[in-house]
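> turn this into a model:
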Amino acid sequence: MATPVLQLRNVRKYFGSVSALEDVGLAAYPGEVHAVVGDNGAGKSTMIKIITGIHRADEGEVLVEGDAEGNRDIAVVYQDLALVECLDIAHNMALGNLPRKFGIVLDRRRMEREAAKVLGDLKVRVGNVRTPVGLLSGGQRQVVAIARAVRMDRPIMLLDEPTAALGVQETAHVGDIIEELRASGKAVLLVSHDLDFVFSHADRVTVLRLGRTVGTRRIADVGREEVIGMITGAIRA
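So this is what the prediction gives:
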């Protein structure tokens, strides 16, 4: 396989005397969807915060494109989406990187044009880019959050429970977007409780349990029962 674009090696994290992560490792490659699954308390949220740089690992390494000290070149879609309901779609997609004229004035036309292009490339229909996000459905908001991450054009996409509150049709749409991201060569890290979605779209799956990596399997080589057994502890890798 290609060189991993993201690696976690023997990562440990403590909060006082409490061990949140004991021994976590995974490797994500360009052009693949790598799922991370585990029960509540398995350490997924702490792992996400370490990958994104919110927390620092107490032990072990986090390598992004082979560099332990470089910038975390990762686009993240958090479970709470982090959208501003009173702002329109275009504004939300440009947050953190607003285009400006002369370095001062907001270039609204360019902002709207760029937002429309990204949504069009993703075959997304959410109405006019001037529509306030507060008027969108849950599925449309999820798509806008993913589109914002796509606009950043980072080599790694981290999606935290992207289908948690979606219906069947909306979930299928998110799945289509993930397939497009894989085809474009992105490394997609998918953190999810939805095993149906994982088995439909992931290439590999890593199971966390009680702050440890239980094992990593290719989706083509593993059954649902084995993954569930790894999550619950009935099967040990």
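> ranges for the strands of the protein?
6-15, 18-28, 32-37, 59-64, 74-77, 100-101, 105-106, 156-160, 187-191, 204-209, 212-218 (DSSP state E).
> contact partners for the closest residue to A35 other than its chain neighbours?
Spatial nearest neighbour of A35, chain neighbours left out: A202 (3.8 Å); criterion: C-beta to C-beta, 6 or more residues apart in numbering. C-beta coordinates here come from the backbone N, C-alpha and C atoms, glycine included. By C-beta atoms under 8 Å, 6 or more residues apart in numbering, the residues touching A202 are 33-35, 190, 219.
> returning to what we had before: adding mean pLDDT, write the strands of the chain out as JSON lines.
Shown next, in JSON lines, are those (pLDDT from 0 to 100):
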{"stretch": "strand 6-15", "mean pLDDT": "95"}
{"stretch": "strand 18-28", "mean pLDDT": "95"}
{"stretch": "strand 32-37", "mean pLDDT": "97"}
{"stretch": "strand 59-64", "mean pLDDT": "93"}
{"stretch": "strand 74-77", "mean pLDDT": "90"}
{"stretch": "strand 100-101", "mean pLDDT": "86"}
{"stretch": "strand 105-106", "mean pLDDT": "88"}
{"stretch": "strand 156-160", "mean pLDDT": "94"}
{"stretch": "strand 187-191", "mean pLDDT": "96"}
{"stretch": "strand 204-209", "mean pLDDT": "97"}
{"stretch": "strand 212-218", "mean pLDDT": "96"}
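> make a markdown table from those strands and add distance to Q169 to it.
As requested, the strands of the chain are exported to a markdown table (distance: least, C-beta to C-beta, whole Å):
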| stretch | distance to Q169 |
| --- | --- |
| strand 6-15 | 31 |
| strand 18-28 | 28 |
| strand 32-37 | 20 |
| strand 59-64 | 35 |
| strand 74-77 | 19 |
| strand 100-101 | 38 |
| strand 105-106 | 35 |
| strand 156-160 | 18 |
| strand 187-191 | 19 |
| strand 204-209 | 25 |
| strand 212-218 | 29 |
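> closest one to S137 among those?
Nearest to S137 among these is strand 74-77; the distance by C-beta to C-beta comes to 16.6 Å.
> mind listing residues that contact that closest one?
Contacts of strand 74-77 (C-beta under 8 Å, 6+ apart): 6, 48, 51-52, 64, 142, 145-146, 148-150, 152-154, 156-160, 162.
> note down every partner strand of that strand and its orientation.
Partner strands and pairing direction for strand 74-77 (DSSP bridges) are strand 156-160 (parallel).
> okay, the angle between the partner strand and strand 18-28?
130 degrees (axes from the mean of the first three to the mean of the last three C-alpha atoms, to 10 degrees).
> so what pLDDT did the residue of the chain most remote from its centre get?
For the chain, the largest distance from the centre (C-alpha atoms, centre = their mean) belongs to F102, which lies 33.8 Å off. In this model, F102 is scored at 78, pLDDT.
> distance check, it against G185.
Distance check for F102 against G185: by C-beta to C-beta, to the nearest Å, it reads 35 Å.
> repeat that for I51.
Relative to G185, and taking C-beta to C-beta, I51 is found at 19 Å.
> kindly report the same for I104.
Taking C-beta to C-beta, one finds I104 at 36 Å from G185.
> these two: which is more packed in?
Applying other C-beta atoms under 10 Å to I104 and G185 shows that G185 carries more neighbours, namely 12 against 6.
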